[in-house]
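Any chance you can model this:
(one chain, ligands or ions: 1)
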Amino acid sequence: MTRGLATYLGEERLRAWNEAIADRYSVRSYRKRPVRAEALHRIEGLLAGFSPLCERARGYLVVQDASRIFTGYVGPLGKVTNAPAAVAFAGDFHLPRYMEAIGYLGEGIILEATSLGLATCWMTGSFSKDRVLARVNLPPGWKVIAVTPLGYEAKGTTLGDKALRALLKSDTRKPLSEIVTGLPRPRWPKGLKEAIEAARWAPSAGNAQPWRFRVDRDGVTLSVDTGDVGFDSVKRLSCGIAMLHFEVACSASGIQGSWRFPRPGIPIIAKYRYA
Ligand SMILES: Cc1cc2nc3c(=O)[nH]c(=O)nc-3n(C[C@H](O)[C@H](O)[C@H](O)COP(=O)(O)O)c2cc1C
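You can find the predicted model right below:
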């Protein structure tokens, strides 16, 4: 059981994150302008986590030569250019749910960055782990899973950016009818539709949207769609992102509750039990 996010973040920051959910999108081309020191300071404050759900994960800020972390594949597709800073996300891979923790913590950092006017992009590919490891000091048994560039979006989208967004259908999401089961909509508590919408618009690797929701009288169960749900599955990371979006939007709608975790090894990620 966990306490509500407002306990750790305060109402004002939660409101800013809730707005950032709608404003956020992935940006791969940046201006060379450095990130404001004050914004970096705010991000730094979140790197060690902002609630017990972040415990198995951590962010590492990279400012020196951050752009050199990013590598390209298929020509310009997916390549991050000119990022003045980055955050690398790492987790303790000996523990179950470290991937969910990385998603949850990392998305908090990404929503904070968005609320500060910064652009971001979750990346599990197209970066050099060796170059990250040369810049950060990881505890033994931890590994770097993902990075995000941080900076200001370049004016004018490149053809590569447009092609990638079209390929991944990044501007769309699966309909609610495909990802939600359980109680019919008229029996949902007030604000739940908005919370599920917030989770639905979460970013995911390859825009695969591997989350499924079952709405019951006492709460909402989040599961992985199918297939690979090992502890190392990137689907778990994407579900951690959706958990944060859901919880932030629940707080904004006045739905009180907390996450409960099942025993490891089944496709259920967590259940949000109403208080
Ligand atoms: C865990 C994760 C890994 C991702 N990895 C990459 C990546 O390696 N390269 C890339 O260009 N985009 C990557 N993305 C960005 C997704 O393609 C993007 O979030 C998705 O298409 C939805 O678009 P949006 O973020 O603009 O809403 C990743 C996103 C997530 C959440």
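
Now do the helices in the stretch 1-150 of the chain.
Listed in chain order, the helices of the stretch 1-150 of the chain (DSSP state H, counting those that start in this stretch) span 5-9, 11-23, 37-44, 98-115, 129-133.

Can you give me the end-to-end span of stretch 19-36?
From its first residue to its last, stretch 19-36 covers 21 Å (C-alpha to C-alpha, to the nearest Å).

Next, the buried residues of it.
20-21, 24, 26-30, 35 (16 or more other C-beta atoms under 10 Å). In short, each C-beta sits where N, CA and C put it, glycine included.

could you dump these to CSV with distance to the ligand and pLDDT?
Listed next are those as CSV, based on distance: C-beta to the nearest ligand atom, whole Å; pLDDT from 0 to 100:
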residue, distance to the ligand, pLDDT
A20, 12, 98
I21, 10, 98
R24, 7, 98
S26, 4, 97
V27, 8, 95
R28, 6, 93
S29, 11, 93
Y30, 13, 95
V35, 19, 98
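
which one among those gets closest to Y274?
Proximity of the buried residues of stretch 19-36 to Y274 (C-beta to C-beta) peaks at I21, which lies at 20.7 Å.

Do I have it right that that closest one meets E247?
No: checked against C-beta atoms under 8 Å, the pair I21 and E247 is beyond contact range at 11.0 Å.

related to what we said a few turns ago, between the buried residues of stretch 19-36, which sits nearest T181?
I21 (23.0 Å).

List the residues that contact A90.
Counting by C-beta atoms under 8 Å, 6 or more residues apart in numbering, A90 touches 57-60, 102, 136, 138, 142-145.

Next one: it relative to the ligand, how far apart?
Applying C-beta to the nearest ligand atom, to the nearest Å, the value for A90 to the ligand is 14 Å.

before we move on, what about L40?
From L40 to the ligand the distance is 22 Å (C-beta to the nearest ligand atom).

Pull the contacting residues for that residue.
Taking C-beta under 8 Å, 6+ apart, one finds 61, 63, 85 in contact with L40.

ok, now G230?
Counting by C-beta under 8 Å, 6+ apart, G230 makes contact with nothing.

how is the protein carved up into domains?
5-167, 170-274 (automatic domain parsing).

quick one: the shortest one near the ligand?
It stands for domain 170-274. Yes: contact of domain 170-274 with the ligand (C-beta under 6 Å from any ligand atom) involves 170, 203-207, 234, 237-238, 241.

again, but for stretch 98-108
No: shown here: stretch 98-108 not in contact with the ligand (C-beta under 6 Å from any ligand atom), separated by at least 6.9 Å.

Show the pLDDT at T2.
Note for T2: predicted pLDDT of 57.

same deal with the one 4 residues further on?
The pLDDT attached to A6 in the predicted structure is 88.

Hmm, S251 and it touching each other?
Yes: if you go by C-beta under 8 Å, A6 and S251 touch, sitting 5.5 Å apart.

what's the overlap in contacts for these two?
Common contacts of A6 and S251, defined by C-beta under 8 Å, 6+ apart, comprise L14.

Compare the two and say which is more crowded by neighbours.
For A6 and S251, the more surrounded residue by other C-beta atoms under 10 Å is S251, and the numbers stand at 22 against 17.

Who are the contact partners of that one?
4-6, 14, 18.

closest to A119 among the residues you listed?
Nearest to A119 among the contacts of S251, counting by C-beta to C-beta, is N18 at 18.9 Å.

Excluding chain neighbours, what is closest to that closest one?
Nearest non-adjacent residue to N18, counting by C-beta to C-beta, 6 or more residues apart in numbering: A252, 4.2 Å away.

burial count for that neighbour?
A252: 20 neighbours (other C-beta under 10 Å).

Equivalent analysis for the one 3 residues further on, please.
By the criterion of other C-beta under 10 Å, I255 has 23 neighbours.

ok, it - contacts?
Contacts for I255 were tallied using C-beta under 8 Å, 6+ apart; they are 189-192, 195, 274.

Present the residues you listed as a markdown table; the columns should include pLDDT.
Shown next, in a markdown table, are the contacts of I255 (pLDDT from 0 to 100):
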| residue | pLDDT |
| --- | --- |
| P189 | 97 |
| K190 | 97 |
| G191 | 97 |
| L192 | 98 |
| A195 | 98 |
| Y274 | 97 |
